[in-house]
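Chemist: Sequence first, predicted model second:
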Amino acid sequence: MTGLTARIRSLGVAPSELPAGLSPREAQILALVARGLSNREIGVELSISEHTVANHVRAILRKTDCANRTEATSFAHRHGLASV
């Protein structure tokens, strides 16, 4: 978890400051969604299953009140969670 927290902090956001009640892992996945990665690509990047990624993406969409990945990407950019 320390490595994940360090990655989130490298985005310039402390875990306690994450918007919409996102967990650090959800913020990490949202950043990858914002880069345009598919669930499969995110799973490979993070060494987790595609199904686990899909569960995280559903939670992200629910928490951010976004209808789809495009809206979630916009959310990520507005809140400084997307790496440019």
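Modeler: Nice, I can see it. Numbering: from 1, shown residues only.
Chemist: Ala31 and Ala76 touch, don't they?
Modeler: Yes. The criterion here is C-beta atoms under 8 Å, and Ala31 meets it with Ala76 at 6.4 Å. From N, CA and C alone the C-beta is placed, and that goes for glycine too.
Chemist: Between the two, point out the one with more neighbours.
Modeler: Of the pair Ala31 and Ala76, Ala76 is the one with more neighbours under other C-beta atoms under 10 Å, namely 25 against 20.
Chemist: Can you say which helix or strand has the more buried one in it?
Modeler: Here Ala76 sits within helix 69-78, counting by DSSP states H and E.
Chemist: which outside residues touch that helix?
Modeler: Residues from elsewhere that reach helix 69-78 (C-beta atoms under 8 Å, 6 or more residues apart in numbering): 19-20, 30-31, 33-34, 36, 57, 60-61, 64, 66, 81-82.
Chemist: try it again with 7 Å
Modeler: Around helix 69-78, the neighbours that count as contacts under C-beta atoms under 7 Å, 6 or more residues apart in numbering are Leu30, Ala31, Val33, Ala34, Ile60, Leu61, Thr64, Cys66, Ala82.
Chemist: Out of those residues, grab the one that's most surrounded.
Modeler: Most surrounded of the contacts of helix 69-78: other C-beta under 10 Å gives Leu30, at 29 neighbours.
Chemist: With Val44 as the reference, measure out to that one.
Modeler: 17 Å (C-beta to C-beta, to the nearest Å).
Chemist: swap in Thr52?
Modeler: Taking C-beta to C-beta, one finds Thr52 at 12 Å from Val44.
Chemist: so where's this structure uncertain?
Modeler: Scanning the chain for pLDDT under 70 picks out the ranges 1-2, 4-5, 8-9, 11-16, 84.
Chemist: all helices for it, in order.
Modeler: Using DSSP state H, the helices of the chain run over residues 2-10, 24-34, 39-46, 50-64, 69-78.
Chemist: just these: most buried one?
Modeler: helix 24-34 (a mean of 22; mean count of other C-beta atoms under 10 Å).
Chemist: between that helix and helix 50-64, how many degrees?
Modeler: 100 degrees (axes from the mean of the first three to the mean of the last three C-alpha atoms, to 10 degrees).
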